[in-house]
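Engineer: What follows is a protein structure lacking sequence information:
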């Protein structure tokens, strides 16, 4: 329902989230959820404790960086799913199913929602190179050893072979994404 409170709140998020810079969102998340003066729910840096033996021990370290990585893609994913489900509900098969006694919700979830899977995969292909570019900021803020931190350190130390390799990888992923 486009006039419901949840739909209105979702639309508000869709317009405000892309306007927020990544470093600002990371700082707010760190201040709210990793600050000992407020609520220290999550660790503020690193990828895992020093004595971690299992993956599940590193999950609290990954929550804030993953939220920071994914908040911008949230907008495009929700908009794509909304549009494809809306298009699916306007197709002739939806009215035929509704005349046969199937509820609108069941039609939306079982028949119209799968129409958004292919566009979501295409959206994911577009998000991979952008995520590598955004990793520079996020990995620096959260002290995560990764490709973004490697690129940042390589630029600072003029390590040209590493810089060229990472940019070549990003260019290859971008070309592969656009190749059809």
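Structural biologist: Cool, the structure landed. Model, not experiment: these values are computed from the prediction.
Engineer: Let's test this: name the helix or strand in the chain with the lowest mean pLDDT.
Structural biologist: Sorting the helices and strands of the chain by mean pLDDT, DSSP states H and E puts helix 117-141 at the bottom, at a mean of 80.
Engineer: For the protein, just list every one of the helices.
Structural biologist: Using DSSP state H, the helices found in the chain span residues 5-16, 22-33, 59-89, 92-99, 104-107, 117-141, 147-157, 160-178.
Engineer: Same list (these) but as JSON lines, adding distance to residue 40.
Structural biologist: Bear in mind the C-beta positions are built from the backbone N, C-alpha and C, glycine included. What follows is the helices of the chain, written out as JSON lines (distance: least, C-beta to C-beta, whole Å):
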{"stretch": "helix 5-16", "distance to residue 40": "26"}
{"stretch": "helix 22-33", "distance to residue 40": "8"}
{"stretch": "helix 59-89", "distance to residue 40": "11"}
{"stretch": "helix 92-99", "distance to residue 40": "49"}
{"stretch": "helix 104-107", "distance to residue 40": "40"}
{"stretch": "helix 117-141", "distance to residue 40": "17"}
{"stretch": "helix 147-157", "distance to residue 40": "24"}
{"stretch": "helix 160-178", "distance to residue 40": "34"}
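Engineer: Out of these, the one nearest residue 47 is which?
Structural biologist: For residue 47, the closest of those is helix 59-89, at 5.4 Å, according to C-beta to C-beta.
Engineer: one step back: any chance of the helices of the chain in JSON lines, with distance to residue 44 and mean neighbour count too?
Structural biologist: Conversion of these to JSON lines gives the following (distance: least, C-beta to C-beta, whole Å; neighbours: other C-beta atoms under 10 Å):
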{"stretch": "helix 5-16", "distance to residue 44": "25", "mean neighbour count": "11"}
{"stretch": "helix 22-33", "distance to residue 44": "6", "mean neighbour count": "16"}
{"stretch": "helix 59-89", "distance to residue 44": "8", "mean neighbour count": "17"}
{"stretch": "helix 92-99", "distance to residue 44": "48", "mean neighbour count": "13"}
{"stretch": "helix 104-107", "distance to residue 44": "42", "mean neighbour count": "13"}
{"stretch": "helix 117-141", "distance to residue 44": "9", "mean neighbour count": "16"}
{"stretch": "helix 147-157", "distance to residue 44": "16", "mean neighbour count": "16"}
{"stretch": "helix 160-178", "distance to residue 44": "26", "mean neighbour count": "13"}
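Engineer: so which of the ones you listed gets nearest residue 46?
Structural biologist: Evaluated with C-beta to C-beta, the helices of the chain place helix 59-89 nearest to residue 46, the distance being 5.6 Å.
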